[in-house]
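> Below: sequence and its predicted model.
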Amino acid sequence: MSSELPLLLDTINFAAEKHRHQRRKDPDATPYINHPIGVARILSHEGGITDIEVLQAALLHDTIEDTDTTFEELEAMFGNKVARIVQEVTDDKTLPKQERKLLQVKHALHCSHQAKLVKLADKLYNLRDLNRCTPVGWTAERVQEYFVWAAQVVKGLHGTNAALEEKLLQLFKEREVDI
Ligand SMILES: Nc1nc2c(ncn2[C@@H]2O[C@H](COP(=O)(O)OP(=O)(O)O)[C@@H](OP(=O)(O)OP(=O)(O)O)[C@H]2O)c(=O)[nH]1
């Protein structure tokens, strides 16, 4: 067995424990952990990514933002590189939503290649999820606004991974969203 497999299982286990009380916003209230696992799977199966640090960061990408996990905790458990990628894709939830969304568009241009990969897969997962079903309480307009905003973020990630970008472009085309 590759030495990377136990590490990947440790990472999944850590993320699952951290997100154990959280659910997605879909009508079925899907366990939240399905999202980070799905993002890592997109990177591996659709993006062709084998970089273990990127796959680990994908599994952990919402732990600092949405749970009590700290950067120092991730660094101690999984090392500085993984913790830094997670930090790069972490929104500051204390900021007003509009500002937070604008910062994502700005930061997309300047983050590391590894963080850009996680961002692309995160957006691809969330947009597919919106096509699958509408989160509870969301209007059709809010869904469309998310597509428009996501296109601005994805524009800043251009040149990161052709396969993932092509799939995102197709989703924007279907919604008639310019990018
Ligand atoms: N499509 C979809 N999204 C869901 C669902 N449940 C939770 N989410 C999360 O909701 C966020 C998008 O909702 P918004 O209202 O725009 O943002 P907010 O929750 O952060 O305020 C995304 O998180 P985020 O960390 O803010 O990601 P992103 O906006 O940075 O991509 C997404 O992962 C679901 O069932 N479907």
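All right, it came through fine.
> Could you measure from Pro31 over to Ala163?
Look at Pro31 and Ala163: by Cβ to Cβ, to the nearest Å, they are 27 Å apart. For every residue, glycine as well, the C-beta is placed using N, CA and C.
> typed the wrong thing, it's Asp26
Distance from Asp26 to Ala163, by Cβ to Cβ: 26 Å.
> Neighbour count for the two, which is higher?
Each of Asp26 and Ala163 has its neighbours counted (other Cβ atoms under 10 Å); Asp26 has more, 16 against 13.
> Now do the contacts for that one.
Asp129, Arg132, Cys133, Pro135, Val136 (Cβ atoms under 8 Å, 6 or more residues apart in numbering).
> if I've got this straight, it is in a strand?
No - counting by DSSP: H, G, I helix; E, B strand; the rest coil, Asp26 falls outside a strand, being coil.
> next one: phi and psi at it?
In terms of degrees, to the nearest 10, the main-chain angles of Asp26 are phi -70, psi 160.
> Which of the helices or strands spans the residue nearest in space to the middle of the chain?
Geometric centre of the chain, nearest residue: Asp122, 2.8 Å, by Cα atoms, centre = their mean. Assigned by DSSP states H and E, Asp122 belongs to helix 113-132.
> now for that helix, which elements pack on it?
Applying 3 or more Cβ pairs under 8 Å, 6 or more residues apart in numbering; DSSP states H and E, we find helix 113-132 packed against helix 34-41, helix 52-60, helix 80-88, helix 140-155, helix 162-174.
> Dump the ones you listed into JSON lines; add distance to Leu5 and mean pLDDT as well.
Below are the helices and strands packed on helix 113-132 laid out as JSON lines (distance: least, Cβ to Cβ, whole Å; pLDDT from 0 to 100):
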{"stretch": "helix 34-41", "distance to Leu5": "13", "mean pLDDT": "98"}
{"stretch": "helix 52-60", "distance to Leu5": "10", "mean pLDDT": "98"}
{"stretch": "helix 80-88", "distance to Leu5": "16", "mean pLDDT": "98"}
{"stretch": "helix 140-155", "distance to Leu5": "31", "mean pLDDT": "98"}
{"stretch": "helix 162-174", "distance to Leu5": "24", "mean pLDDT": "98"}
